[in-house]
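[1] need coordinates for the below:
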Amino acid sequence: MNWYLALSRSKQIFIAVFLAHLFSLAMLGADHWMHRVKVQHKKVSVHTFVAAEKPVAKIAPVSAPAKVQAAPAPKKVEPKKAAPNKAI
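    Residues are numbered from 1 along each chain as shown. You can find the predicted model right below:
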């Protein structure tokens, strides 16, 4: 105890406050561990539901559409030239 009294007053206060905090934390930790409640895990039953597969509708095969032939391009008809007027 002589080593504590040999320290300056500010160091004595620092050590006293530090030990008081350390003691408080130790007591709070011990209280937590003494009064903690262990969680009881409940068993969970899982009911799975498998949906029935829907019947696949049969689709008739589609035939390829008949090729449509394009109408031939109309030929260009040149207008007939008018006969020149003969002036008398």
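
[2] pLDDT weak spots in the chain?
    87-88 (pLDDT under 70).

[3] scan this structure for its longest helix.
    helix 9-35 (DSSP state H).

[4] run through the neighbouring helices and strands of it.
    Applying 3 or more Cβ pairs under 8 Å, 6 or more residues apart in numbering; DSSP states H and E, we find helix 9-35 packed against helix 2-5. (Each C-beta comes from the backbone N, C-alpha and C, glycine too.)

[5] need the residues that contact the helix it packs on.
    Q12, I15 (Cβ atoms under 8 Å, 6 or more residues apart in numbering).

[6] centre of the chain to it, how far?
    From the chain centre to the centre of helix 2-5 is a distance of 64 Å (Cα atoms, centre = their mean, to the nearest Å).

[7] give the buried residues for that helix.
    Residues of helix 2-5 classed as buried by neighbour count (16 or more other Cβ atoms under 10 Å): none.

[8] quick one: end-to-end length of stretch 43-60, please.
    52 Å (Cα to Cα, to the nearest Å).

[9] and what of stretch 66-81?
    Across stretch 66-81, first to last residue, Cα to Cα, it's 44 Å.
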